[in-house]
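In: Quick one: sequence and predicted model below, then my questions.
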Amino acid sequence: QVQLVESGGGLVQPGGSLRLSCTTSGSIFSIYAMGWYRQAPGKQRERTAIITTGGRTNYADSVKGRFTISRDNAKNTVYLQMNSLRPEDTAVYYCNIWGGPGAPQKIDYTYWGQGTQVIVSS
């Protein structure tokens, strides 16, 4: 059974930094992309940042220049370094992985973590 466990969330003042981690466990192969999504109260879940096995990254416009996604392929772990945090970054952050032998054209699986809360407030 595949599990994703996020950590690193918490309360931080505006302008501060946090680093989120997501570790996968269980038998999983052919991961194509790992990423972070977030959901603020009353809003839909939105993609924040993703990174492919090859290292290509994509960021939401709202976090470009402030957030950095990275991954350790050997450990199937993905990180999100969040700098210059703003109150509007407050949300539950979810880790997501997806892939399969035919990815990206054919996606065989996607898994989600349980989420970690990030609160940016003074």
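Out: On my side now, so go ahead. Numbers count the residues shown, from 1 in each chain.
In: quick one: contacts for the residue nearest the centre of the chain?
Out: Nearest residue to the geometric centre of the chain (Cα atoms, centre = their mean): Trp36, 2.0 Å. By Cβ atoms under 8 Å, 6 or more residues apart in numbering, Trp36 lies in contact with 20, 22, 48-50, 69, 78, 80, 93-96. Backbone N, C-alpha and C define where each C-beta goes, glycine included.
In: can you confirm it is in a strand?
Out: Yes - remark: Trp36 belongs to a strand, assigned using DSSP: H, G, I helix; E, B strand; the rest coil.
In: gap between it and Gln114?
Out: 13 Å (Cβ to Cβ, to the nearest Å).
In: Residues in contact with both of these two, list them for me.
Out: Common neighbours of Trp36 and Gln114 (Cβ under 8 Å, 6+ apart) are Tyr94.
In: just the contacts of Trp36 now: which is nearest Val120?
Out: Tyr93 (11.7 Å; Cβ to Cβ).
In: helix/strand/coil for that closest one?
Out: strand.
In: From Tyr79, how far out is it?
Out: Distance from Tyr93 to Tyr79, by Cβ to Cβ: 12 Å.
In: between the two, who's got more neighbours?
Out: For Tyr93 versus Tyr79, neighbours defined as other Cβ atoms under 10 Å are more numerous around Tyr93 (23 against 19).
In: For the more buried one, give its distance to Ser25.
Out: Noted for Tyr93: a distance of 19 Å to Ser25, by Cβ to Cβ.
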